[in-house]
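S.K.: give the three-dimensional model of this entry:
(one chain, ligands or ions: 2)
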Amino acid sequence: MPKHDVNKKEIRMRGVPVSAGVAIGKAFVLGCNLLKVESCALQEQEVEREITRLHAAIEKAKQELALLRDQTEELLGERDAAIFEIHQLMLEDTELVGEVVRRIRSEKKNADRVYLDVVTEYEQSLTKSKSELFRSRVTDLHDIARRVIRHIQGDTDKKSDHLPGPSVVIGTDLTPSDTINLKQTDVLGFATELGSRTSHAAIMARSLKVPSIVGLGDLCRLISTGDQVILDGNAGTIIIHPDEATVADYRKLLKAYRAYVQKLEKCKKYPARTRDGKNIELAANVEFSEEVKPALQDGANGIGLYRTEYLYLTRLELPSEAEQFTEYKRIVRSVGGQHPVIIRTFDLGGDKAQKHFHIHQEANPFLGFRGVRLYSGNESIFTTQLRAILRTSVYGKLRILLPMIASVSEIRYCKEMIEKTRVQLSDEGVELADEIPVGAMIEVPSAAISADLIAQECDFLSIGTNDLIQYTLAVDRGNKYVANLYRAYNPAVLRLIRDSIRQGHEQGVWVGMCGEMASDPLATMVLVGMGLDELSVSPVSLLVIKEIIRRIEYAECENLADRVLGYATADEVEKYLLSVFKNKFKDLIFSELHNQYNI
Ligand code: PEP
Ligand code: MG
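M.R.: Ligands and ions are numbered 1, 2, ... in the order given. This next block holds a predicted model:
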């Protein structure tokens, strides 16, 4: 790292740590390289075409802003979303647009160059303004210019965000496609203004083992590409322009963290078995086929949840049966016949709306058309996915998981569809496995309360705590203003988990957990004690959870679970679990607990 620039003061910010690890390096602000604009002379006959390009770009930017506005309103409420309305107004400002058009005609230069020139002049006069309000609009103007210029340059999917080398990636928010488009080996860390622990971008960051922080307020205003930065994904701290003493401290921390990781690596090749001999299936949650191999290397017993949504979210068209088959087969094959791969049918809707599904504007999308509820109205899309999934059954131990199950009739419907597809494929001469277990996610309270009925209809249950907590406590999982109410250890949630496991077992099916709670080291003893058969965790948590399982006894976990179920509040449960953890696993302090619970 180059020497600290003494003119720049160290800035420390706290956000929500979502993926552990420490990164020291240079910042790369997403989208900031888009203002590289060249100047080209136009021929007389090219001028009007250039103006058309300008208007088309403004139109696209407008559509983008409308989408951002809606997403922000959903996530943070109307007040925060209002900024995008202001951006829209600025974008359509007739004076500004008129000036750009006039100058394209008179100067005969390319639209992006002229647009940038005009905006820069506006910015300069605003900077000089006595009014703070006007001065604060400079950042907004800059944002708009970036958006319009990106579209004039025909770069709609931000592909121009090529990292110049290993970088800490900074952005307002991180979409799954942002994450995928970046060269993963060059990403040292992620830091974003929006987001939450269970937002899908955060889950992805953990999967990619990239230290990450979300919820960093107005970070982008304070940081530029090339700035030196330290990102502490354990504590949730980002330090911009760190001074030399800080860098030295963090180098030490990084060293200690690496030693901790090395220690965990030692348990890779051992089974996830308690000291008194109870085996726990420890599987991994993945989104991409690339994540499978590293997870298996860390000793995962297969894939406990493969989220298929990204196949739909990362392309404009629906993924074809062939495309899906290739991707699913790659995953099932790389796990091989020894361990299961649980493929979840698409859980779109909610925060992952998709244009192909004709979802109406919904006041409460998380309570609307989401997951399994979309299937009957979009049967051909569902069948295409089922065909692709079923065709992979001969390549390994395939299981199918159904999301957002709230009632028995939904499972019956899905099973009928699976059977129909199976017959269709057999008639076509496609070879299929004899047995393909079908399971239900337990992530809606009604499913947890009637887990016995659900279990009678399927072969396994997998508890999805991310949604189960949200729906049980009526707390939006992505809303940072109520994040303090989103508590896995609320007694109501714990009881639902306990009862689901019991009822599943009484019906003779195994019960796993694929929600993020399974990745929480504080929860391991409780979940093992409640009798879970399988824990499917973020790849980054595999080793620490395995290390904990290997150090505990099932009998003590049963006692601990009983005790915990006797507490009346989440605070009491957490306090008790923390005291046990500090006592038993002092050396695992670097696990994500460190930041989540301030220990
Ligand atoms: C869950 O809800 O716990 C879950 C695993 O599903 P997702 O996070 O994809 O909604
Ligand atoms: Mg869910």
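S.K.: buried stuff in stretch 420-427?
M.R.: 421, 422, 425 (16 or more other Cβ atoms under 10 Å). Every residue, glycine included, has its C-beta placed from N, CA and C.
S.K.: ignore the last one, stretch 397-410
M.R.: Neighbour counts over stretch 397-410 (16+ other Cβ under 10 Å) mark 397, 398, 399, 400, 401, 402, 403, 404, 405, 406, 408, 410 as buried.
S.K.: again, but for stretch 96-112
M.R.: Neighbour counts over stretch 96-112 (16+ other Cβ under 10 Å) mark 96, 97, 99, 100, 101, 103, 104, 108, 109, 110, 111, 112 as buried.
S.K.: over to stretch 361-368?
M.R.: Buried positions in stretch 361-368, judged by neighbour count with 16+ other Cβ under 10 Å: 365, 366, 368.
S.K.: in those residues, which has the lowest confidence score?
M.R.: Among those, residue 365 carries the lowest pLDDT, at 86.
S.K.: same list (the buried residues of stretch 96-112) but as JSON lines, adding secondary structure and distance to residue 324.
M.R.: Listed next are the buried residues of stretch 96-112 as JSON lines, based on DSSP: H, G, I helix; E, B strand; the rest coil; distance: Cβ to Cβ, whole Å:
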{"residue": "96", "secondary structure": "helix", "distance to residue 324": "45"}
{"residue": "97", "secondary structure": "helix", "distance to residue 324": "43"}
{"residue": "99", "secondary structure": "helix", "distance to residue 324": "49"}
{"residue": "100", "secondary structure": "helix", "distance to residue 324": "44"}
{"residue": "101", "secondary structure": "helix", "distance to residue 324": "46"}
{"residue": "103", "secondary structure": "helix", "distance to residue 324": "49"}
{"residue": "104", "secondary structure": "helix", "distance to residue 324": "45"}
{"residue": "108", "secondary structure": "coil", "distance to residue 324": "50"}
{"residue": "109", "secondary structure": "strand", "distance to residue 324": "47"}
{"residue": "110", "secondary structure": "coil", "distance to residue 324": "41"}
{"residue": "111", "secondary structure": "helix", "distance to residue 324": "40"}
{"residue": "112", "secondary structure": "helix", "distance to residue 324": "38"}
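S.K.: name the nearest of those relative to ligand 2.
M.R.: Of all the buried residues of stretch 96-112, residue 112 has the smallest distance to ligand 2: 41.8 Å, by Cβ to the ion.
S.K.: quick check: chain neighbours aside, which residue is closest to the closest one?
M.R.: Nearest residue to residue 112 in three dimensions, chain neighbours excluded: residue 152, at 4.3 Å (Cβ to Cβ, 6 or more residues apart in numbering).
S.K.: the one you found: what's it in contact with?
M.R.: 53, 54, 57, 110, 111, 112, 115 (Cβ atoms under 8 Å, 6 or more residues apart in numbering).
S.K.: identify the farthest-apart pair in the residues you listed.
M.R.: When Cβ to Cβ is used, the two most widely separated members of the contacts of residue 152 are 57 and 110, lying 11.8 Å apart.
S.K.: next one: phi and psi at residue 286?
M.R.: phi -130, psi 160 (degrees, to the nearest 10).
S.K.: that one: how many residues sit nearby?
M.R.: 24 (other Cβ atoms under 10 Å).
S.K.: contact partners for it?
M.R.: Contacts of residue 286 by Cβ under 8 Å, 6+ apart are 207, 292, 295, 303, 305, 306, 307, 331, 539.
S.K.: what is the burial count for the residue in the stretch 451-599 of the chain that ligand 2 sits nearest to?
M.R.: Residue of the stretch 451-599 of the chain nearest ligand 2, by Cβ to the ion: residue 467 (3.7 Å). Residues within reach of residue 467, counting by other Cβ under 10 Å, total 24.
S.K.: with residue 282 instead?
M.R.: Using other Cβ under 10 Å, residue 282 has 25 other residues around it.
S.K.: then the one 10 residues further on?
M.R.: The local packing count at residue 292 equals 23, with neighbours defined by other Cβ under 10 Å.
S.K.: residues contacting the nearest residue to residue 383 once chain neighbours are set aside?
M.R.: Closest residue in space to residue 383, ignoring its immediate chain neighbours: residue 421 at 5.8 Å, by Cβ to Cβ, 6+ apart. Shown in contact with residue 421 (Cβ under 8 Å, 6+ apart): 383, 386, 387, 390.
S.K.: the last one: which element?
M.R.: If I follow you right, that is residue 390. Assigning secondary structure by DSSP states H and E places residue 390 in helix 379-391.
S.K.: put the alpha carbons of that helix into CSV.
M.R.: What follows is helix 379-391, C-alpha atoms only, in CSV (Å, rounded to 0.1, in the frame of the first residue of the first chain):
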residue,chain,number,x,y,z
GLU,A,379,-47.0,-23.5,-15.8
SER,A,380,-44.8,-23.7,-18.9
ILE,A,381,-41.9,-21.8,-17.1
PHE,A,382,-42.3,-24.2,-14.1
THR,A,383,-42.3,-27.2,-16.4
THR,A,384,-39.2,-26.1,-18.2
GLN,A,385,-37.4,-25.9,-15.0
LEU,A,386,-38.7,-29.2,-13.8
ARG,A,387,-37.6,-30.9,-17.0
ALA,A,388,-34.1,-29.5,-16.6
ILE,A,389,-33.9,-30.5,-13.0
LEU,A,390,-35.3,-34.0,-13.5
ARG,A,391,-32.9,-34.7,-16.4
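S.K.: now that helix: average pLDDT?
M.R.: Rounded mean pLDDT across helix 379-391 is 97.
S.K.: buried residues in it?
M.R.: For helix 379-391, a neighbour-count test (16+ other Cβ under 10 Å) marks 381, 382, 383, 384, 385, 386, 387, 388, 389, 390, 391 as buried.
S.K.: as a markdown table, the residues you listed with distance to residue 219 would be great.
M.R.: Shown next, in a markdown table, are the buried residues of helix 379-391 (distance: Cβ to Cβ, whole Å):
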| residue | distance to residue 219 |
| --- | --- |
| 381 | 38 |
| 382 | 40 |
| 383 | 44 |
| 384 | 41 |
| 385 | 38 |
| 386 | 43 |
| 387 | 44 |
| 388 | 40 |
| 389 | 40 |
| 390 | 45 |
| 391 | 45 |
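S.K.: closest one to ligand 1 out of those, please.
M.R.: residue 385 (15.6 Å; Cβ to the nearest ligand atom).
S.K.: ok, now which ones touch the closest one?
M.R.: Shown in contact with residue 385 (Cβ under 8 Å, 6+ apart): 308, 324, 345, 346.
S.K.: and the gap between the third one and residue 557?
M.R.: It stands for residue 345. According to Cβ to Cβ, to the nearest Å, residue 345 stands 33 Å off from residue 557.
S.K.: what does the second one give?
M.R.: Using Cβ to Cβ, one obtains 39 Å as the distance from residue 324 to residue 557.
S.K.: contacts for stretch 541-553, please.
M.R.: Under Cβ under 8 Å, 6+ apart, the answer for stretch 541-553 is 206, 261, 264-265, 267-268, 270, 272-276, 280, 282, 284, 295, 298-300, 518-521, 524-525, 528, 535, 537, 584-585, 588, 591-592.
S.K.: from those residues, which land in strands?
M.R.: 282, 284, 535, 537 (DSSP state E).
S.K.: in TSV: these, plus pLDDT.
M.R.: What follows is the ones in strands among the contacts of stretch 541-553, written out as TSV (pLDDT from 0 to 100):
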residue	pLDDT
282	98
284	96
535	98
537	96
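S.K.: kindly supply the PyMOL command isolating those of those that are buried.
M.R.: In PyMOL syntax, the buried subset of the ones in strands among the contacts of stretch 541-553 is picked out as below (16+ other Cβ under 10 Å):
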select buried, resi 282+284+535+537
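S.K.: tell me which two in the ones in strands among the contacts of stretch 541-553 are the farthest apart.
M.R.: 284 and 535 (10.0 Å).
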